[in-house]
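K.L.:
Sequence first, then the predicted structure:
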Amino acid sequence: MAGITSYGAYIPFFRLGGQTAGWSGLVEKAVASFDEDSLTMATAAAIDCMNGMERSLVDGLYFASTTSPYAEKQGATTIATAADLRRDIINMDFTDSLRAGTNALRAALDAVSAGTAKQIMVAAADMRLAMLRSGYEAGFGDGAAALLIGDERVAVKVEGWYSVSNEMLDVWRSQGDALVNAWEDRFVLDEGYRSALPEAVKGLFAKYNVSAKDFAKAVYYAPDPRRHTEMARTLGFDPAQVQPSLIGAVGNTGAAYALMMLVAALEEAKPGDRILFANYGDGADAYILEVTEEINKIRDRRGLKGHLAAKKILGDYETYAFWRGLVERSAGARRPEMLQPSASVVWRDRDQNIRFYGMRCKNCGYQQYPPQRVCTKCHAKDNSEPVRFSDKKGTVFTYAMDYLVPTGDPPMIIAIVDFEGGGRTVSMMTDRDINDLKVGMPVELTFRKLFTAKGVHSYYWKCMPVRM
Amino acid sequence: MPGLKDRVAIIGMGCTRFGELWDKDVEDMLVDACFEAIEDAKIEPKDIQAGWVGTVGSSFSGQMLSHPLKLEYIPISRLENFCATATDAFMNACYAVAAGVYDIVITAGVEKLKDTGFAGLGAVGGPPTAGVEPPVPPPAQFALAATRYAHHYGLSMEELKTALAKIAVKNHHNGTLNPKAHFRREVTLEQVLNAPMVAWPLGLFDCCGVSDGAAAAIITNPEIAKKFRDDYVLVKAVKLACGARQGQLQDWYDFVHFEENVAASKAAYEEAGIKNPRQEIDLASVHDCFTITELIIYEDLQFSPRGKGPEDVDAGTFTLEGELPVNTDGGLKCFGHPVGASGLRMLYEVYKQIQGKAEQRQLKKADIGLTHNLGGLPGSFTCGVTIVGRRD
């Protein structure tokens, strides 16, 4: 039977919090850095989810987000390529709804159940924007979750499901809108969240003849902590059964939010635990999940806990507003505009730049990135095999801090990174504290957005200090 | 393989003032530099049989030289080899003369950097790309070498920065003595050390100027040279070495020496018959695009033992009064760095010193001089080394 075989998550390094000058929020929220978007965060979560697993056995990637970088060009394909999945797979984007994450989950379960795929990766990420200093903005956060769906070594069985469809305008964005719009709060809650989510959960209970007491944990979407607590009462759960809200530490991460809470629950779950899992958006989905012994074999993930622990509070709110393009800021020295990348070059170099393939010379064995036709060491021609460098550990051989290049987080750090097993690359370093930099420091690679030029987003790998 | 030694003579050179020449375009600068060289050689433009002109990004084709000089229907090649462009142009001109194909040829280099509206080299374009190359300007690329140098030799960053600052102070001093230099102002050690950071660990005064300018030379064979002047300068060696991006691909490349410098200088010393560079060379114009580059060059060119560059800097070895004066004209640091012209500007200073025409900067002994011209970035360079000497 189809179920969850692995989980992963990603939370950006930066937070807005009490020490952020100009930020009025009392609690913390995670904010994607200037070089991140939903696509890069989903990639990080998917890679976390596949830790120690054979990537070539995944038959598809479903990307769920309301903030995919392109309106027309699939995000899932880029994520699948960056995650180094096969070419003969099915990729889909699930979008336009806060429920996109559980929509994708349902579709993945159906595909595996129907036998059209053995394993599907569901990767959800969001980074929604609301009016500066609005209540929505205070609650929104950025993050990603990933679930691998399969029918072998299932760690979380899916025992049942129930969905309702609810047509209404509660929150919305039209094509081209940057900021989330919403109708009056009372209407949004009464006829939306407070109505549809209980309808789905009660429908599930009735369909499978279960009740709140049958569950070890209840994991469900709520737009804010107060509604999260209220909903437990509505559904009949004790506070001890309820998976805590992430609003206050991470924020409401939109289409990824319910999945991230589920990952947090699975990190603590014991074999035999039964979990109610419910999500909201244009209706609601509810699931009965049951944890198996396999859960203990997939603990080696950074997940929610690992990513929550590593953080840096942004010094000022203006930097965040600049990252989101909501205010302009002088870039320092005058620099030429970034050129739009050449689509044909991007395509030709896709394995090198997106999969981050280098090569190993079959003659002398030396690893090198980027791949060379003629080996840098023994000069053998066209005698090599591809090697994925994106998951290799690296060490900083030397570095410099550039104060001229316009970047969202100056100074720009440039490092020479030597890879385990040989080879090196010139790499930009992200998500770092400049006081921690030193020759010899260990780094890992992370897929990031370099810049956007004339509507084209340029993605590549950067290095970052190994996130503890 | 006979090589170039004593087979080519320089009979005329010209160089514009370097700087922010808002009122000069590429053609103006080429006319100024080339006519100075033509008049210095006492030839007529119609005597020129062929030309080699270099620019990194300020113009195109051999016609960039025929247009301003009105050189009619002669062969002219345009070369580009990063910041070593002018040395490459000079080398190819020497080849033609040494091969006996032409008697009198011109070589020139030019760059117009200040019309872009951007500081630095930001606007030198290139072919379409995937846009993923780290957008790292030269200061940060060379700063990688400074960080590693301190680590490698166990220096504190303060110790290294002090040694580098002394190089900047020296080159600034030399620049004050040069009416053609871009920057003609003394700086103090404190000013250099307290300057704003450009690319840590390199501050503002660790970086060379970005300038407009042009330089040119008229060359011929020694037999013909004698008919034009007694104090012609003989070419002893011109060697170019291109890296194969080893430093970007292989983890042995140490960033505290640049193998291209070693290869080009060794080849040049061998051709020129130089056994002990520190003793035999009277002056050197080297590619001090950044102070750390000049420090590494001391060691790569065997002026200083490995790791001992800072000690020689302390001892004043490379000042005008020192054992081996380096960058007597202010260097890239203060003469300026119009990239496609710099290689010939370096040669201009050595040529004038050998002829005893370096005015306030004139060294007591200037019989053998070296130019070192470096293009590219740590990890993969084009390095050109030229050695010239007084005629016997």
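P.N.:
Happy to help now that I have it.
K.L.:
Let me see the contact set for the closest residue to residue A:11 other than its chain neighbours.
P.N.:
Excluding its sequence neighbours, the residue lying closest to residue A:11 (C-beta to C-beta, 6 or more residues apart in numbering or on different chains) is residue A:307, at 3.7 Å. Backbone N, C-alpha and C define where each C-beta goes, glycine included. By C-beta atoms under 8 Å, 6 or more residues apart in numbering or on different chains, the contact list for residue A:307 reads A:9, A:10, A:11, A:143, A:467.
K.L.:
I'd guess residue A:307 is in a strand, am I close?
P.N.:
No: assignment of residue A:307 by DSSP: H, G, I helix; E, B strand; the rest coil gives helix, placing it outside any strand.
K.L.:
Give me the distance between it and chain B.
P.N.:
Distance from residue A:307 to chain B, counting by C-beta to the nearest C-beta, to the nearest Å: 26 Å.
K.L.:
how far away is that residue from residue A:253?
P.N.:
According to C-beta to C-beta, to the nearest Å, residue A:307 stands 12 Å off from residue A:253.
K.L.:
list the residues that contact both of the two?
P.N.:
residue A:143.
K.L.:
pretty sure residue A:90 contacts residue A:58?
P.N.:
No: taking contacts as C-beta atoms under 8 Å, residue A:90 lies outside contact range of residue A:58: 10.5 Å.
K.L.:
what residues do those two have in common as contacts?
P.N.:
residue A:120.
K.L.:
Between the two, which has more neighbouring residues?
P.N.:
Under the criterion of other C-beta atoms under 10 Å in any protein chain shown, the comparison of residue A:90 against residue A:58 puts residue A:58 first, with 25 against 14.
K.L.:
low pLDDT regions in the stretch 51-200 of chain B?
P.N.:
B:122-124 (pLDDT under 70).
K.L.:
Show me which residues of it are close to chain A?
P.N.:
Within the stretch 51-200 of chain B, the positions lying close to chain A (C-beta under 8 Å from any C-beta of the partner chain) are B:116-120, B:122-123, B:128-132, B:134-137, B:139-141, B:143-148, B:151, B:196-200.
K.L.:
of those residues, buried ones?
P.N.:
Neighbour-count burial (16 or more other C-beta atoms under 10 Å in any protein chain shown) is assigned, among those, to B:116, B:118-120, B:122, B:130-132, B:134-137, B:139-141, B:143-148, B:151, B:197-200.
K.L.:
Mind checking which of these are in helices?
P.N.:
B:139, B:140, B:141, B:143, B:144, B:145, B:146, B:147, B:148, B:151 (DSSP state H).
K.L.:
my guess is the second one meets residue A:410, correct?
P.N.:
This points to residue B:140. No: using C-beta under 8 Å, residue B:140 is not in contact with residue A:410; the gap is 11.9 Å.
K.L.:
what kind of secondary structure is residue A:461 in?
P.N.:
Residue A:461 - assigned by three-state DSSP - is strand.
K.L.:
One more: residue B:343?
P.N.:
helix.
K.L.:
quick one: it from chain A, how far?
P.N.:
Taking C-beta to the nearest C-beta, one finds residue B:343 at 26 Å from chain A.
K.L.:
follow-up on the earlier one: identify, from the ones in helices among the buried ones among the residues of the stretch 51-200 of chain B next to chain A, the entry nearest to residue B:385.
P.N.:
residue B:145 (18.9 Å; C-beta to C-beta).
K.L.:
Just give me the longest strand of chain A.
P.N.:
As assigned by DSSP state E, the longest strand anywhere in chain A is strand A:442-453.
K.L.:
Residue B:24: what's its closest spatial neighbour, skipping adjacent residues?
P.N.:
residue B:212 (6.5 Å).
K.L.:
That should have said residue A:203, apologies.
P.N.:
In space, residue A:203 is closest to residue A:162, 4.3 Å off (C-beta to C-beta, 6+ apart).
K.L.:
Just list what whichever strand or helix holds that neighbour packs against, helices and strands only.
P.N.:
Taking DSSP states H and E as the definition, residue A:162 sits inside strand A:156-165. For strand A:156-165, the elements it packs on are strand A:3-10, helix A:100-114, helix A:194-208, strand A:283-291, judged by 3 or more C-beta pairs under 8 Å, 6 or more residues apart in numbering or on different chains; DSSP states H and E.
K.L.:
What mean pLDDT does the helix or strand following the first one get?
P.N.:
Just to be clear, that refers to strand A:3-10. Next helix or strand after strand A:3-10 toward the C-terminus (DSSP H and E): strand A:14-16. Taken as a whole, strand A:14-16 carries a mean pLDDT of 97.
K.L.:
Would you give the sheet partners of strand A:14-16, along with the direction of each?
P.N.:
strand A:29-31 (antiparallel), strand A:312-313 (parallel) (DSSP bridges).
K.L.:
Can you give me the domain assignment for the chain?
P.N.:
In the absence of a named chain, chain A is used. Domain assignment for chain A, taken from automatic domain parsing, gives A:3-323, A:343-465.
K.L.:
That was the other one, I meant chain B.
P.N.:
Using automatic domain parsing, chain B is parsed into the domains B:9-117+B:212-234, B:138-208+B:235-390.
K.L.:
Export these as TSV, with columns for distance to residue A:440.
P.N.:
Rendered in TSV, the data for those read as follows (distance: least, C-beta to C-beta, whole Å):
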stretch	distance to residue A:440
domain B:9-117+B:212-234	31
domain B:138-208+B:235-390	8
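K.L.:
Tell me which of those sits nearest to residue A:459.
P.N.:
Closest to residue A:459 of those, according to C-beta to C-beta: domain B:138-208+B:235-390, at 20.9 Å.
K.L.:
Test my guess that residue B:152 contacts residue B:256.
P.N.:
Yes: between residue B:152 and residue B:256 there is a contact under C-beta under 8 Å: 4.6 Å.
K.L.:
So which of the two has more stuff around it?
P.N.:
Shown here are residue B:152 and residue B:256; by other C-beta under 10 Å, residue B:256 has more neighbours (23 against 17).
K.L.:
residues touching the more buried one, list them.
P.N.:
B:145, B:148, B:149, B:152, B:153, B:296.
K.L.:
Most tightly packed of the domains of chain A?
P.N.:
Greatest average neighbour count among the domains of chain A goes to domain A:3-323 (a mean of 21), per mean count of other C-beta atoms under 10 Å in any protein chain shown.
K.L.:
Endpoint to endpoint, that one covers what distance?
P.N.:
End-to-end distance for domain A:3-323: 38 Å, by C-alpha to C-alpha, to the nearest Å.
K.L.:
what does the stretch 201-350 of chain B put close to chain A?
P.N.:
B:201, B:202, B:244, B:245, B:246, B:248, B:249, B:250, B:251, B:255.
K.L.:
returning to that earlier point: which stretch among the helices and strands packed on strand A:156-165 comes nearest residue B:97?
P.N.:
Going by C-beta to C-beta, the one of the helices and strands packed on strand A:156-165 nearest residue B:97 is strand A:3-10, 64.4 Å.
K.L.:
now for the closest one, which elements pack on it?
P.N.:
Strand A:3-10 sits against helix A:38-49, strand A:143-150, strand A:156-165, helix A:257-268, helix A:303-309, with contacts defined as 3+ C-beta pairs under 8 Å, 6+ apart.
K.L.:
Which strands or helices does the longest strand of chain A pack on?
P.N.:
Here strand A:442-453 touches helix A:38-49, strand A:394-402, strand A:424-429, strand A:456-465, going by 3+ C-beta pairs under 8 Å, 6+ apart.
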